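Asks: Output the structure for:
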Amino acid sequence: MQKLISYPISVIYYLCFGLTLVIFHPIQWVCFNIFGYQAHKKSVDFLNLFLVRCTNIVGTTYKFSNLESIPKNAPIIFVSNHQSMYDIIAMIWFMRDFHCKFVSKKELGKGIPSVSYNLRHGGSALIDRKDPKQAIPEIKKLGDYIEANNRSAVIFPEGTRSKTGQPKAFSQTGLKILCKAAPSAYVVPVSINNSWKMVKFGFFPVGLGNHLTFAIHKPLKVSEFDFADLIEKAEEAVVKGIKF
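Replies: Alright, predicted model coming up:
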């Protein structure tokens with residue numbers, strides 16, 4: 001029944017969502033090319049605020065817990081499970097104070113209004129998962145960037161989205177590169193729940209009435225752990241916070 005009801009609502013939702021992307025694309029261009037990073041960052045913040053509001057059309061609500069525990073004025077590496085694109089929209093807006101940059105597949109760097117432009121120009125790392133020679137220096141560059149600017153990188157070590165909420169095993173390579181490039185960083189595990197339900201029917205229609213939760217766990221200072229212990233603790237915290 002929910003799927004049937006969702007069809008007409010999803011049409012309205014995607015019209016609003018698509019229109020938002022199209023409108024903010026030239027706004028981003030102007031902000032970036034004329035006014036610089038801070039203006040572009042503000043435009044991306046408000047883009048994602050509007051995208052979050054679009055999801056309210058399909059009854060989506062959000063809760064972030066323990067945001068206050070994230071260290072200030074330090075580089076941050078957010079390590080999280082990944083369930084849908086709605087993870088990213090929410091993190092950019094609700095964690096906007098931390099200037100989130102993403103480790104993303106290079107295919108998203110072209111063809112999507114607003115999204116592709118931000119990935120190419122906003123500081124994120126676009127990687128080819130099949131080509132380590134390309135991916136490793138891109139991730140290292142992101143690590144150098146957050147170390148120099150006290151900003152944050154978001155990495156999804158599962159490598160792909162979970163379609164059922166069931167977490168996948170973490171891959172170590174990307175996180176290890178970030179930690180080496182940003183030795184003064186804190187690794188902050190994040191557990192995401194219910195985002196997969198937005199796309200449980202596929203791209204269309206959208207799942208209705210979902211409450212997305214983002215649990216922020218205790219920060220782990222990179223310099224205080226050997227890497228094997230660090231990733232074990234981060235993965236344990238993330239998985240423990242997932243309800244599936």
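Asks: The top strand by length along the chain packs against which elements?
Replies: The residue-count maximum for a strand in the chain (DSSP state E) belongs to strand 186-193. Here strand 186-193 touches strand 76-80, strand 211-216, strand 220-221, helix 227-240, going by 3 or more C-beta pairs under 8 Å, 6 or more residues apart in numbering; DSSP states H and E. Just so you know, the C-beta spots here come from the backbone N, C-alpha and C atoms, and that holds for glycine as well.
Asks: Go again with 6 Å.
Replies: strand 76-80, strand 211-216, helix 227-240 (3 or more C-beta pairs under 6 Å, 6 or more residues apart in numbering; DSSP states H and E).
Asks: Pipe the ones you listed into CSV and attach distance to I12 and mean neighbour count per row.
Replies: Shown next, in CSV, are these (distance: least, C-beta to C-beta, whole Å; neighbours: other C-beta atoms under 10 Å):
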stretch, distance to I12, mean neighbour count
strand 76-80, 30, 25
strand 211-216, 20, 20
helix 227-240, 34, 16
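Asks: Just the endpoints, please. Distance across stretch 47-65?
Replies: Taking C-alpha to C-alpha, to the nearest Å, the first and last residues of stretch 47-65 lie 23 Å apart.
Asks: Not counting that stretch itself, show me its contacts.
Replies: Stretch 47-65 is contacted from outside by 9, 13, 16-17, 20, 24, 89-90, 92-94, 114, 206, 208-215, using C-beta atoms under 6 Å, 6 or more residues apart in numbering.
Asks: H217 contacts E235, correct?
Replies: No - in this structure, H217 is not within contact of E235 by C-beta atoms under 6 Å, at 10.9 Å.
Asks: Pick out the residue nearest the middle of this protein.
Replies: The structure's the chain has its C-alpha centroid closest to I88; by C-alpha atoms, centre = their mean the separation is 3.3 Å.
Asks: Give the closest residue to that one in space, chain neighbours not counted.
Replies: Nearest residue to I88, sequence neighbours excluded (C-beta to C-beta, 6 or more residues apart in numbering): F102, at 6.5 Å.
Asks: Can I get the helix or strand hosting that neighbour in PDB? Just the C-alpha atoms.
Replies: Element membership of F102, judged by DSSP states H and E, is strand 100-105. Extracted in PDB, the C-alpha atoms of strand 100-105 (Å, rounded to 0.1, in the frame of the first residue of the first chain):
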ATOM      1  CA  CYS A 100      32.500  17.900   5.000                       C
ATOM      2  CA  LYS A 101      34.400  16.600   1.900                       C
ATOM      3  CA  PHE A 102      33.700  13.200   0.600                       C
ATOM      4  CA  VAL A 103      35.700  10.300  -0.900                       C
ATOM      5  CA  SER A 104      33.400   9.600  -3.900                       C
ATOM      6  CA  LYS A 105      33.500   7.500  -7.000                       C
END
